[in-house]
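Q: Any chance you could fold what I've pasted below:
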Amino acid sequence: MKNTIIQEDIEQICQENLDWTKLSNKNILISGANGMLPSYWIEVFLFLIKQKIIFNTHIFAIVRNEEKANIRFEDYLKESFFSLIVQDICDPINITNKIDIIIHAASQASPKYYGIDPVGTINPNVIGTTNLLKLAKEQQTEMFIFFSSAEVYGNKNTSNAIDETDFGYLDPMNVRSCYAESKRLGETICVSWYKQFNVPVKIIRPFHTYGPGMSPNDGRVFADFVFNILNNQDIIMKSDGCAQRAYCYIKDAVLGYFYVLLNGSIGEAYNVGNPSEEYSVKDLAKILIDLFPEKSLSLKMDKQFTSPGYIPSNINRILPNINKIKNIGWAPKVDIKTGFYRTIVSYNEN
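A: This next block holds a predicted model:
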């Protein structure tokens with residue numbers, strides 16, 4: 001049975017005043033379908049089809065872990081408009097169906113992988129991107145969406161919000177750069193296929209995004225905090241907690257992705273984040289603890305703690321400038337207390 005928080009989010013997304021009919025009569029291929037963000041995207045597509053808001057649309061979801069996908073999409077496995085494709089996108093992609101839209105969201109986004117599997121972090125962003133662009137060229141797809149990251153902006157500590165042309169340096173000899181450098185290269189690969197072969201690409205750069213569907217093994221600090229609360233554990237701060245981040249609830253973020261898909265310009269990149277909800281890591285921990293006073297949890301400091309493979313960012317502040325995506329109609333609405341409360345409650349339902 002569908003999680004009610006996720007269901008509410010999806011229904012509210014579909015009530016947005018967008019021209020959903022543009023998605024009718026399309027075959028849509030989405031890679032990385034088990035991921036938190038792309039799985040929400042897919043749920044919205046499937047709801048639009050089920051509610052007959054769009055017609056004659058088929059969703060092809062590429063996953064590596066079939067068991068996980070069977071659990072997430074169990075309500076749709078027997079539907080004629082939904083197909084699972086089990087494969088690694090770094091392997092040759094052989095799809096006989098005509099594909100109209102490709103959304104490439106397969107990637108290892110958690111910093112815990114950067115140290116233990118840097119090659120596996122790089123490959124989907126470079127080899128996988130190239131494979132899917134080849135498919136897009138062969139199929140003459142109408143649109144190719146590349147899921148990039150705010151990490152492409154590099155090491156740029158600034159008091160100003162970062163717009164889509166504001167880049168800092170990356171050290172290629174630092175293994176943590178495996179993610180950011182491969183996302184940068186993925187973007188350049190996309191633009192190159194657009195310029196040389198007319199593949200119509202659009203690029204999305206998500207900033208810190210949270211919500212239902214985060215894995216207990218996610219590895220990012222805000223996810224760790226959520227599962228601390230769920231497990232009735234005190235939050236252990238593993239740094240001074242001064243790093244500033246802007247947090248965007250998944251419902252807002254996914255709606256932003258649809259605005260790029262339906263209203264964005266070809267050959268452009270768009271920040272998707274919530275600059276109004278900026279907090280230090282320490283303040284975020286306090287907010288989450290205060291959301292559930294009945295648990296009587298506390299915040300503790302342990303700067304000596306280390307996690308195998310986890311390589312922290314040395315950037316003090318990451319704040320998105322979202323004027324560009326605002327110009328095509330999107331703005332986030334959910335505040336941090338509402339978003340994290342909904343996130344935590346969603347897990348209590350499972």
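Q: Point out where this structure drops to low pLDDT.
A: By pLDDT under 70, the weakly predicted segments of the chain are 1, 157-158, 303-314, 350.
Q: Please report phi then psi for the most centrally placed residue in it.
A: Compute the mean C-alpha point of the chain, and by Cα atoms, centre = their mean the closest residue is Leu37, 4.0 Å away. The phi/psi pair for Leu37 (degrees, to the nearest 10) reads phi -70, psi -50.
Q: mind listing what it touches?
A: By Cβ atoms under 8 Å, 6 or more residues apart in numbering, Leu37 lies in contact with 105, 147, 206, 209, 250, 253-254, 257. In this view, the C-beta of every residue, glycine as well, is placed from N, C-alpha and C.
Q: any idea how far Ala180 is from it?
A: 18 Å (Cβ to Cβ, to the nearest Å).
Q: Pretty sure Ile93 sits against Gln87.
A: Yes. In this structure Ile93 lies within contact range of Gln87 using Cβ atoms under 8 Å: 7.3 Å.
Q: So between these two, which is more surrounded?
A: Higher neighbour count among Ile93 and Gln87: Ile93, with 20 against 15, using other Cβ atoms under 10 Å.
Q: quick one on the thing from earlier: in helices, which of the contacts of Leu37 fall?
A: Among these, the residues falling in helices (DSSP state H) are 250, 253-254, 257.
Q: can you map out the helices along the stretch 251-350 of the chain?
A: Under the criterion DSSP state H, counting those that start in this stretch, the stretch 251-350 of the chain carries helices at the ranges 281-291, 323-326, 336-348.
Q: how about the strands in the stretch 201-350 of the chain?
A: In the stretch 201-350 of the chain, the strands defined using DSSP state E, counting those that start in this stretch lie at 201-206, 209-210, 235-237, 244-246, 248-249, 269-272, 278-280, 299-301, 317-318.
Q: so what does the first one touch, helix or strand wise?
A: If I follow you right, that is strand 201-206. Secondary-structure packing of strand 201-206 (3 or more Cβ pairs under 8 Å, 6 or more residues apart in numbering; DSSP states H and E): strand 143-147, helix 177-197, helix 250-263, strand 269-272.
Q: Which residues does the second one contact?
A: Going back to what we said before, that points to helix 177-197. 107-109, 111, 114, 118-119, 121-122, 125-126, 129-130, 133, 136-137, 144, 146, 148-149, 151-152, 154, 170-172, 199-201, 203, 266-267, 269.
Q: now it against strand 143-147, angle please.
A: In terms of direction (axes from the mean of the first three to the mean of the last three Cα atoms, to 10 degrees), helix 177-197 departs from strand 143-147 by 160 degrees.
Q: can you pull the buried residues of helix 177-197?
A: By neighbour count with 16 or more other Cβ atoms under 10 Å, helix 177-197 contains the buried residues 177-187, 189-191, 193-194.
Q: I'd like the helices of the stretch 251-350 of the chain laid out as CSV, including distance to Ile101 and mean neighbour count.
A: CSV is the format used below for those (distance: least, Cβ to Cβ, whole Å; neighbours: other Cβ atoms under 10 Å):
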stretch, distance to Ile101, mean neighbour count
helix 281-291, 35, 18
helix 323-326, 19, 18
helix 336-348, 28, 18
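Q: wait, which of the ones you listed is closest to Phe73?
A: Minimum separation from Phe73 across the helices of the stretch 251-350 of the chain (Cβ to Cβ) falls at helix 336-348, 16.9 Å.
Q: Identify the residues contacting that closest one?
A: Among residues not part of helix 336-348, those counted as contacts by Cβ under 8 Å, 6+ apart are 3, 5-6, 9, 210-212, 214, 226, 229-230, 247, 249-251, 277, 279, 284, 287-288, 291-292, 334.
Q: Weed out the non-buried ones from those.
A: 3, 5-6, 9, 210-212, 214, 226, 229-230, 247, 249-251, 277, 279, 284, 287-288, 291, 334.
Q: so Ala243 sits right up against Ala285, yeah?
A: No. Applying Cβ under 8 Å, one finds Ala243 not in contact with Ala285, separated by 11.8 Å.
Q: Could I have the CA atoms of stretch 98-107 written out in CSV?
A: Extracted in CSV, the C-alpha atoms of stretch 98-107 (Å, rounded to 0.1, in the frame of the first residue of the first chain):
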residue,chain,number,x,y,z
LYS,A,98,11.2,4.2,-29.6
ILE,A,99,12.2,6.5,-26.8
ASP,A,100,11.0,10.1,-26.8
ILE,A,101,12.5,11.4,-23.5
ILE,A,102,15.5,10.2,-21.6
ILE,A,103,16.1,11.2,-18.0
HIS,A,104,19.6,10.2,-16.8
ALA,A,105,19.6,10.1,-13.0
ALA,A,106,21.8,7.1,-12.3
SER,A,107,24.6,8.1,-10.0
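Q: Contacts for that stretch next, please.
A: Identification of contacts with stretch 98-107 by Cβ under 8 Å, 6+ apart yields 23, 26-33, 35, 37-38, 41, 60, 62, 89, 121, 124-125, 128-129, 132, 135-136, 139, 141-147, 149, 179, 183, 261.
Q: thinking again about what came up before, include distance to Ala69 when you put the strands of the stretch 201-350 of the chain into TSV, please.
A: Listed next are these as TSV, based on distance: least, Cβ to Cβ, whole Å:
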stretch	distance to Ala69
strand 201-206	21
strand 209-210	21
strand 235-237	32
strand 244-246	30
strand 248-249	24
strand 269-272	24
strand 278-280	33
strand 299-301	37
strand 317-318	31
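Q: now for those, which one comes closest to Asn160?
A: strand 317-318 (9.4 Å).
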